[in-house]
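# here is my input, please return the structure:
(chains A and B)
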Number of protein chains: 2
Amino acid sequence: MELKNNVDDEYFESYFDLSVHELMLKDKPRTLSYKFAIELNSIDFKDKVVIDVGAGTGILSMFAAKAGAKKVYAVEGSLMATYCQMLVDSNGFSETIKVIHKRMEDITNEIEDEKVDIIISEWMGFYLFHESMLESVLYARDRYLKPKSGIMFPSRADLFLAPVNLDSYMNKKVNFWNDVYGFDFSVLANPAFESLPAPLVEHLEKDQLVLKEKTILQVDFNTVKIKELEDIIIDKIDFVFPSDKKPKEIHGFCIWFSCYFDGSKKTIELSTAPGAPETHWKQTTILMPQGIQLEGGETMTCRLQMKQDEENRRRYELNFEFPDDE
Amino acid sequence: MELKNNVDDEYFESYFDLSVHELMLKDKPRTLSYKFAIELNSIDFKDKVVIDVGAGTGILSMFAAKAGAKKVYAVEGSLMATYCQMLVDSNGFSETIKVIHKRMEDITNEIEDEKVDIIISEWMGFYLFHESMLESVLYARDRYLKPKSGIMFPSRADLFLAPVNLDSYMNKKVNFWNDVYGFDFSVLANPAFESLPAPLVEHLEKDQLVLKEKTILQVDFNTVKIKELEDIIIDKIDFVFPSDKKPKEIHGFCIWFSCYFDGSKKTIELSTAPGAPETHWKQTTILMPQGIQLEGGETMTCRLQMKQDEENRRRYELNFEFPDDE
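Numbers count the residues shown, from 1 in each chain, chains lettered A, B, ... in the order given. So this is what the prediction gives:
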C-alpha cells in the first residue's frame, strides 16, 4: 500500500471518520444496490479488472472480488486506506484487491493494467452533483476504461424535480412559534424560516409532492464530459396543475436522483425518491421565501440552473427561477 | 435594553441560535416543569421581584410575569436579548419585564431593587454541572436574593448513578462491524469503540440499568457555595449485586439528575432519569474500556470525581475508579 501522504484537504479528511462510513454502510438501499448490481451481474466481473474510485472501507471492491474479479484497484485518498488494507487482508482478498492510498488523479504507475474492464464508485452527492467525486470517476474512465467494452457502475442517472407542499414541516419549524406555551412568539417565525438551511436536505413523504415529478436531466456516465456538467441549465420545466384540482400552496421544489447499474444480466436502480426506502441522500428542497398558491388549470414554468462553484468544484449552486414571472 | 456588547465568547455566541432555543422550548419535561412550578406556586410570585438568569427567549420571565410578579429582570448575555425584548413587547409585558442585555456578573445598576424575592434560571448542564451556568446563578443569589425569605427555582437537585448494560447500543455501534454484508469488518470494532464520545450522552431505557441507582449527591441551591462544587469527590459508592441474580455484564455507569422546585404550595420535580419522559439532557454514561462481569453476591465499590476545568469553568471532567481494584 502507498503511504505517501499528499491527502491534506478537508474533503479527504472528512472521510477519515469511521462514523461517516458506518452511516453509509448502514444505508441499505445504497449498499445493497451495489451488492445486487455486482452479484446479479457477476458475469460482467468474472476474471475482469476493476477500479473502485474512492473505495472507503473497500466494501465495493470486496463485492467485486467476491463476484470473481481477477484484480481490483481500490483507490482511496483518505487515511481510510489504512483500514481498507486491514479489511482486505482480514477477509482474504490480499491477492485480488490492491489498495492504493492516493487520489485518483495522483496515480502514476500503481495501476498496472493499461486499461480496465469496469469502474465502480459510490461518488454521488446531494442531488447527485453537490459534494460529489464525479470528476475523479470521469477522469478514471477517460484514462483507464476500455473504450468500447468498458462498464461504468453506476451507468446512468436521472434527475427529478417536483413542487412540494411542506405544511407539516412548516408547522413544526415555523408555525411552532405562533403559540409557545400560551405566548405569541410569532416575531421569531421569520428569523426561524430564514435560519432554515438553504437548500433543505430532508426526507419527504410521497404525499408532500403536489404534482408528479418531471425528469429534468438524464446523464450517461459512459459518455458525459466533465465540461457538460459545469453549468447545467434546464430551461422551461412546465408543471400543469389540473383544472379539476383544488388550489394548493407550494412551498418549494424537491430534487432527487436515481442511478442505474446496466449489467449484462440485469439493470439495478438505486432510487432516492420520496416514498422510496430512505437513503442518506434524503431529498434536496429549494424553499420559496413566499409560498405560491397554485390554481386549477394553471401552468407553472420554471428554470433550474446547477452551477459548479469555481473555487470548490465539488460544490454546486442551485438557482431556481420562474422566467415568465415578474 | 442595554446594547453594550461585551458578550464575545463562544458560550454566549452559541445561545444566539434560534434552533438551540427551539430545542429547549420543545423539551416539554423541561419547560413544563418551570411552567407548573411557577403557575402552581403563583402565590410565591404575586407582587414579587424576580431575576431570570440567562433568560434566552424570556419564556421563564413570562411565566413569572403571568403568575403575578411585580417586576422581572430578564438577564441575557447573548444577542438573544434582542429577540427576548421583541417577545416581551409583543406579549404585552414591557411594563413588568426588564430585559437586560448583559452577563449577570457585569450588571451594575440595571437591577433597581436592592434585593429580589425569587431567582429563576434554567442553568442546568449535562449531568447537572457540565456546560452549566450555575456559577452565575449563585453569584446572583449571593448579590441580590433576600437572605431568608428568598426563593431559588430550582431549589435543590439530586445526582444519581447506576451501572448499565448497553448490549443493544454496543450491537448497533460496535458489533455491527462483525458482519458487514457478509464480510468480517471486526478489525474496525476497536477503532469504532474508541471513537465513541466519552462520556456518552444518550437516552437510556430503564431496563438498561443493571442495578437500582444510588443517590450520590444532593445539592441545595439556597446554601451551596461555588467553592464546594469545584472538586466533587464521592468516595465509596457501593453496588451490591444480589446473590440470586445471574451474572451480568456492565459496560459503564450512567449519571443523571433531578431538580426540585420547592414552592409554598407544591414541589415540582424535573427528572432526567432513564424511563422518564426524554429531555435534551438525556443521560451521561461513562463507558468502561472493558466490560465488567458482575457475579451474584458481589459488591462493587466505585469512586467518582467531578472536577471543574480550571481554564473553562463551565466544563467538568469525570473521573471514575474502582479504588479496591488493582
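# and the residue in the stretch 1-150 of chain A that chain B sits nearest to, what element?
Nearest to chain B, among the residues of the stretch 1-150 of chain A, is A:M86, at 4.8 Å (C-beta to the nearest C-beta). C-betas here are computed from N, CA, C, even on glycine. Secondary-structure assignment from DSSP states H and E places A:M86 in helix A:80-90.
# is the residue of the stretch 1-150 of chain A closest to chain B in contact with B:F185, as I believe?
No - under the criterion of C-beta atoms under 8 Å, A:M86 lies out of contact with B:F185, with a separation of 9.4 Å.
# what lies in contact with stretch A:39-52?
By C-beta atoms under 8 Å, 6 or more residues apart in numbering or on different chains, the residues outside stretch A:39-52 that reach it are A:38, A:58, A:60-61, A:63-64, A:66-75, A:111, A:113, A:116-121, A:140, A:144, A:151, A:261, A:263-266, A:268.
# narrow these to those in strands?
Cross-referencing the contacts of stretch A:39-52 against strands under DSSP state E gives A:71-75, A:118-120, A:151, A:261, A:268.
# tally of neighbours for whichever residue of the stretch 201-326 of chain A sits closest to chain B?
As assessed by C-beta to the nearest C-beta, chain B sits closest to A:E202 within the stretch 201-326 of chain A, at 14.1 Å. Close neighbours of A:E202, defined as other C-beta atoms under 10 Å in any protein chain shown, add up to 17.
# okay, and the beta partners of it?
A:Q283 (DSSP bridges).
# which ones are touching it?
Residues in contact with A:E202 (C-beta under 8 Å, 6+ apart) are A:169, A:282-283, A:285.
# using a markdown table, please lay out those residues together with neighbour count.
Converted to a markdown table, the contacts of A:E202 look like this (neighbours: other C-beta atoms under 10 Å in any protein chain shown):
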| residue | neighbour count |
| --- | --- |
| A:Y169 | 21 |
| A:K282 | 17 |
| A:Q283 | 27 |
| A:T285 | 27 |
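# pLDDT-wise, what's the bottom of those?
Of all the contacts of A:E202, A:Y169 has the smallest pLDDT value, namely 86.
# which residues of the stretch 201-326 of chain A score low on pLDDT?
For the stretch 201-326 of chain A, applying pLDDT under 70 flags the ranges A:325-326.
# so what's the residue count around A:Y181?
For A:Y181, the neighbour count with other C-beta under 10 Å is 15.
# so the residue nearest to A:G297 when sequence neighbours are not counted is in which element?
Nearest non-adjacent residue to A:G297, counting by C-beta to C-beta, 6 or more residues apart in numbering or on different chains: A:S243, 3.7 Å away. Per DSSP H and E, A:S243 falls between elements, in no helix or strand.
# so A:S243 touches A:G296, yeah?
Yes - the pair A:S243 and A:G296 passes the contact test of C-beta under 8 Å, sitting 4.5 Å apart.
# more neighbours, the two?
Applying other C-beta under 10 Å to A:S243 and A:G296 shows that A:G296 carries more neighbours, namely 12 against 9.
# SS state for the more buried one?
coil (DSSP: H, G, I helix; E, B strand; the rest coil).
# OK, contacts around the nearest residue in space to A:M124 that is not next to it in sequence?
Once flanking residues are discounted, A:M124 sits nearest to A:S132: 5.8 Å by C-beta to C-beta, 6+ apart. Neighbouring residues of A:S132 by C-beta under 8 Å, 6+ apart: A:123-125, A:314.
# of the ones in strands among the contacts of stretch A:39-52, which is the most crowded?
For these, neighbours were counted by other C-beta under 10 Å; the highest total belongs to A:A74, with 33 neighbours.
# which positions in stretch A:312-326 come out as buried?
Buried residues in stretch A:312-326, defined by neighbour count with 16 or more other C-beta atoms under 10 Å in any protein chain shown: A:314, A:316, A:318, A:320.
# out of those, who's near chain B?
By C-beta under 8 Å from any C-beta of the partner chain, no member of the buried residues of stretch A:312-326 lies near chain B.
# quick one: distance of the helix or strand A:G291 falls within to the chain centre.
Assessed by DSSP H and E, A:G291 sits inside strand A:283-294. Averaging C-alpha positions (C-alpha atoms, centre = their mean, to the nearest Å) puts strand A:283-294 22 Å from its chain's average.
# what of stretch A:13-20?
The answer for stretch A:13-20 is 17 Å, by C-alpha atoms, centre = their mean.
# around chain B, which positions in the stretch 51-200 of chain A sit nearby?
Counting by C-beta under 8 Å from any C-beta, the residues of the stretch 51-200 of chain A close to chain B are A:57, A:59, A:62-63, A:66, A:83, A:86-87, A:90-91, A:173, A:176, A:180-188, A:191-192, A:195.
# make a PyMOL selection of the buried ones in those.
Entered in PyMOL, the line below selects the buried ones among those, by 16+ other C-beta under 10 Å:
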select buried, chain A and resi 57+59+62+63+66+83+86+87+91+173+176+180+183+185+186+188+192
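# the strands in the stretch 101-250 of chain A, which residues?
Per DSSP state E, counting those that start in this stretch, the stretch 101-250 of chain A carries strands over the ranges A:118-120, A:151-153, A:156-164, A:200-202, A:214-220, A:231-240, A:248-262.
# closest to B:I250 out of those strands?
Of all the strands of the stretch 101-250 of chain A, it is strand A:200-202 that lies closest to B:I250, at 38.6 Å by C-beta to C-beta.
# helix or strand right after the helix holding A:M86?
Using DSSP H and E, the helix or strand that follows helix A:80-90 towards the C-terminus is strand A:97-100.
# export that following strand as PDB, just CAs?
Listed next in PDB are the C-alpha coordinates belonging to strand A:97-100 (Å, rounded to 0.1, in the frame of the first residue of the first chain):
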ATOM      1  CA  ILE A  97      -7.600  -6.300  -4.200                       C
ATOM      2  CA  LYS A  98      -4.700  -3.800  -4.400                       C
ATOM      3  CA  VAL A  99      -5.300  -0.800  -2.100                       C
ATOM      4  CA  ILE A 100      -3.800   2.400  -3.400                       C
END
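# cool, thanks, talk later.
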